[in-house]
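Participant: need a 3D model of the sequence below.
(one chain, ligands or ions: 1)
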Amino acid sequence: MPPGDEQRPRPPTEEPPCMVPGCGAVSERSLALAEARKVFPALPEGRRAHLCRAHYKEWKKGTKKDRELRRLGW
Ligand SMILES: [Zn+2]
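Facilitator: Numbering: from 1, shown residues only. Reported below is the predicted structural model:
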């Protein structure tokens, strides 16, 4: 290994991992923790909630359903 080869370029995935317990996938989105907790109440403390693509989708679905249910009079 030639000297200096240890200084590798930073990996493109600098985002922290998904914060949903048990997931740990690379996060793609971050949103306000309070918002995220409406769908994922088990999220750890923090300022922002980092979610992977799958969980972000789930969050979007969850919040949408919430709105629809309210419209239906739940
Ligand atoms: Zn996730």
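
Participant: what packs against the helix or strand where residue 54 lies?
Facilitator: Assessed by DSSP states H and E, residue 54 sits inside helix 53-71. Helix 53-71 is packed against strand 29-32, helix 33-37, with contacts defined by 3 or more C-beta pairs under 8 Å, 6 or more residues apart in numbering; DSSP states H and E. Just so you know, the C-beta spots here come from the backbone N, C-alpha and C atoms, and that holds for glycine as well.

Participant: contact residues of this structure facing the ion?
Facilitator: Residues of the chain found near the ion (C-beta under 5 Å from the ion) are 18, 20, 23, 25, 52, 55.

Participant: could you look up the SS state of the closest residue to residue 17 other than its chain neighbours?
Facilitator: When the adjacent residues along the chain are set aside, residue 17 lies closest to residue 24, with 4.8 Å between them (C-beta to C-beta, 6 or more residues apart in numbering). Three-state call for residue 24 (DSSP: H, G, I helix; E, B strand; the rest coil): coil.

Participant: thinking residue 24 is in contact with residue 16, fair?
Facilitator: No - under the criterion of C-beta atoms under 8 Å, residue 24 lies out of contact with residue 16, with a separation of 10.1 Å.

Participant: out of the residues of the chain next to the ion, which end up buried?
Facilitator: Applying a neighbour-count criterion of 16 or more other C-beta atoms under 10 Å, the buried members of the residues of the chain next to the ion are 18, 20, 52, 55.

Participant: what sits against residue 49?
Facilitator: Going by C-beta atoms under 8 Å, 6 or more residues apart in numbering, residue 49 touches 19, 30, 31, 32, 33, 35, 36, 37, 40, 43.
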